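>>> got a sequence here, can you model it:
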Amino acid sequence: MIDLAIIIVNYNTRQELDACLRSLPESAGAISCRVVVVDNDSSDGSAEMVHTAHPWVKDIIVNPTNGGYAYANNIGLRACGMAEGQAEDASARYYLLLNPDTVLPPNALQQMVAIMDAAPDVGAAGPKLVRQDGSLDKACRRSFPSPAVSFYHFSGLGKLFPHSHVLASYNLTYLDPDQEAEVDSVVGAFMLLRGTALRQVGLLDESFFMYGEDLDLCFRIKQLGWRVMYYPQVTVLHIKGAASRKSSSRATLAFYDAMHIFHNKHYRQTSPLVVNVLVDAGISALRAKALLQGRLHSSGRKRLASA
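Next comes the predicted model:
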């Protein structure tokens, strides 16, 4: 059994994928790894680049269509021993869902595995993710988006009161970014999963096309009694949004669809009718606003380009 299976889902992020793969060998250190790249029907030659520049990556799966992030990750997970009926000793001790727009420092993977080895009740964990400007990627540690938590966030109350344990719970901005903490969820850009926990909870929910599947997986992991941890001892660069920028309208729709799916799956049955109506209306309004802003931004760029 290997120590770590790394699943990287790629969609038209050739340059970022190249940098990510270049960072992996030194980051792995002494642990044994298997890397699986699942390409979601890219048109930028990503798969060919992996074959040419990284011949050590033996597992490259090219999907004929873009079935989404959860769908592609599940293909990679099955390829690494997570298929139903496969023997546990044919799999890995840990699984890492890793975005291609991440760059890992030396020994980061080895360090994360060591931390998890010392905490056997932790089912999922993530490091501190930082943007290119050095700022914290706030999505790397989160609470579940319950109706109340989501309201505080999208109403702007969380931004007004970033140190409030109640109003700022969406992104946990009241926590020191360098403080280790048990959280509801870490982000799928770098989500380290204990193989035993993943076998118990099952694969990602493919009704999520992009966004939300990481929250849902952590929700189910915690339901089974496992802890989810944020470990800032390890810092990883996350360029963020490289794939979603290629199809911004589709990404916007997927983001708000994920809100609906998550609420329907985990909160609708236990929420009063009036709350469900308000949630549905709020998501629809936010989606319409985001699409309109996207169109205006796109039109502005086109005008500047033609000026």
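>>> centroid residue for this protein?
Centroid check for the chain by Cα atoms, centre = their mean gives residue 188 as the closest residue, at 1.6 Å.
>>> in which helix or strand would I find the residue lying closest to it once chain neighbours are set aside?
Distances taken as Cβ to Cβ, 6 or more residues apart in numbering put residue 214 closest to residue 188, at 3.4 Å, once the chain neighbours are dropped. Using the backbone N, CA and C atoms, a C-beta is placed for each residue, glycine as well. For residue 214, the element it lies in under DSSP states H and E is helix 213-223.
>>> list the buried residues of the longest helix that the chain contains.
Looking across the chain with DSSP state H, the single longest helix is helix 273-306. By 16 or more other Cβ atoms under 10 Å, the buried positions in helix 273-306 come out as 275, 276, 279, 282, 283, 286, 287, 290.
>>> separation between the fifth one and residue 277?
Plainly put, residue 283 is 11 Å away from residue 277 if you go by Cβ to Cβ, to the nearest Å.
>>> ditto for the last one
The spacing between residue 290 and residue 277, counted by Cβ to Cβ, is 21 Å.
>>> check contacts around the closest residue to residue 142 other than its chain neighbours.
Distances taken as Cβ to Cβ, 6+ apart place residue 185 nearest to residue 142, at 4.8 Å, with adjacent residues excluded. For residue 185, the contacting residues are 141, 142, 143, 144, 214, 215, 218, 219, 228, by Cβ atoms under 8 Å, 6 or more residues apart in numbering.
>>> which of the residues you listed sit farthest apart?
Spanning the widest gap among those are 141 and 219, at 14.9 Å by Cβ to Cβ.
>>> so what would you say the end-to-end distance of stretch 137-151 is?
Taking Cα to Cα, to the nearest Å, stretch 137-151 runs 21 Å from one end to the other.
>>> distance from it to the middle of the chain?
Taking Cα atoms, centre = their mean, to the nearest Å, one finds the center of stretch 137-151 at 14 Å from the center of the full chain.
>>> 105 is where my numbering starts, stick with that
With the count now opening at 105, the last piece we talked about shows up as stretch 241-255.
>>> can you list the buried residues in that stretch?
Within stretch 241-255, the residues that qualify as buried are 241, 243-251, 253-255, counting by 16+ other Cβ under 10 Å.
>>> nearest to residue 123, out of the residues you listed: which one, please.
Among the buried residues of stretch 241-255, residue 241 lies closest to residue 123 (Cβ to Cβ), at 16.7 Å.
>>> show the pLDDT at the closest residue to the closest one other than its chain neighbours.
Among residues not flanking residue 241 along the chain, residue 233 sits closest, at 3.9 Å (Cβ to Cβ, 6+ apart). Per-residue confidence (pLDDT) for residue 233: 98.
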